[in-house]
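*Asks:* could you work out the structure for the sequence below:
(one chain, ligands or ions: 1)
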Amino acid sequence: MTDTIVLPSAGAMTEAGIDPTLDLVAEIDRLRRERNAVILAHYYQDGEIQDLADFVGDSLDLSRKAAATDADVIVFCGVRFMGEVAKIVSPHKTVLIPDAEAGCSLEESCRADAFRHFREKHPDHIAVTYINCSAEVKALSDVIVTSSNAEVIVRQLPADKPILFAPDRHLGAFIARKTGREMTLWPGSCIIHEQFSEKELVKLKVRHPKAKVAAHPECPESILTHADHVGSTRNILDYVLNSDAPEFIIATELHIIHQMAKAAPHKTFIPAPGADGSCNCASCPFMAKNTLEKIYLCLKNDAPRVEMPEELRLGALKPLERMLEMSVSVPVKAATDAA
Ligand code: 13P
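*Replies:* Numbers count the residues shown, from 1 in each chain. This is a model prediction of the structure:
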């Protein structure tokens, strides 16, 4: 799985070598200026990482940013497949990721060999693949989608063509319901969105009758049926900021609440609960691997660095470019909206 990642060399500085008195934010700032680097962060990153990033966004916004930046170095604070996307669309940039082990349960559920077999079993289908997958799986796909453009893209596909959707079965089922298109779904799901409890959510709604529920389409249908709004992370953020409601239950990875609380401190945001009734389960262990120390180290060590064979990159670029072309109607988030 780490075939596309160049790890730090044997002599590189490790976390143990960092002077504990160092002002990490100031050092990261210095290195980012020195190296003409841009720091991109997903909404699922820790608040302190979102706060130092040059741009915070959802998967589509970050892909667009990575493709358009004129920085020499992209530090991608998210999970590994996001760094791969940055390298695929910006091959001449150095792409650094703070932790090579920051994976994704959806990516893990969909290995390239099994996906190739899935395609071979359905030769007439168009393969629509969620961006949460490896570069190898992208290269085997017809078009990539994110949660903010999947509906727009599926609506543009020829009506007489059957569709394969991988690897998130909940997002696929949601888009199938919205568009009326029949889809054969890969049986994958996100460990975070999978664990929200319908029973506990209903109990929470009873205790907070004024709260609106905003959910990510990676949630199972049993959760989405209770949602007042379903959308990508950026879309959920826009919804809670534009709504008059005073209180929201947020059914997605809980670190997005950082942006919500910053932009609307007078509103209340409650993470959706898991089966034990607590909300602690909604923190992604892969996203949590990134820290200020590792951001500092990747800039200093020039690694972990995303590299991949040109043939693989070109194979994965084609469906990603198709995605960018087919989502021109999805508004671009302004850089000034960041953090
Ligand atoms: P969006 O960024 O499209 O909301 O998707 C969230 C996600 O799955 C990140 O891995």
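
*Asks:* from here on, contacts and neighbour counts on C-alpha atoms
*Replies:* OK.

*Asks:* may I see the buried residues of stretch 143-152?
*Replies:* By 16 or more other C-alpha atoms under 10 Å, the buried positions in stretch 143-152 come out as 143, 144, 145, 146, 147, 148, 149, 150, 151, 152.

*Asks:* element containing the second one, please.
*Replies:* Residue 144 belongs to strand 143-145 when assigned by DSSP states H and E.

*Asks:* is that strand in proximity to the ligand?
*Replies:* No: on the criterion C-alpha under 6 Å from any ligand atom, strand 143-145 is out of touch with the ligand, staying 8.7 Å away.

*Asks:* tell me what that strand is packed against?
*Replies:* Under the contact criterion of 3 or more C-alpha pairs under 8 Å, 6 or more residues apart in numbering; DSSP states H and E, strand 143-145 touches strand 126-130, helix 310-326.

*Asks:* deepest of the ones you listed, which one?
*Replies:* Comparing the helices and strands packed on strand 143-145 by mean neighbour count (mean count of other C-alpha atoms under 10 Å), strand 126-130 comes out on top with a mean of 24.

*Asks:* partner strands of that one, parallel or antiparallel?
*Replies:* strand 143-145 (parallel), strand 163-166 (parallel) (DSSP bridges).

*Asks:* and that strand with helix 310-326, angle?
*Replies:* On the basis of axes from the mean of the first three to the mean of the last three C-alpha atoms, to 10 degrees, strand 126-130 is oriented at 90 degrees to helix 310-326.

*Asks:* gap between strand 126-130 and the chain center?
*Replies:* 17 Å (C-alpha atoms, centre = their mean, to the nearest Å).

*Asks:* contacting residues for the closest residue to residue 135 other than its chain neighbours?
*Replies:* Using C-alpha to C-alpha, 6 or more residues apart in numbering and skipping residues adjacent in sequence, the residue nearest residue 135 is residue 316, 5.8 Å away. Taking C-alpha atoms under 8 Å, 6 or more residues apart in numbering as the definition of contact, the neighbours of residue 316 are 88, 135, 136, 137, 138, 139, 140, 141.
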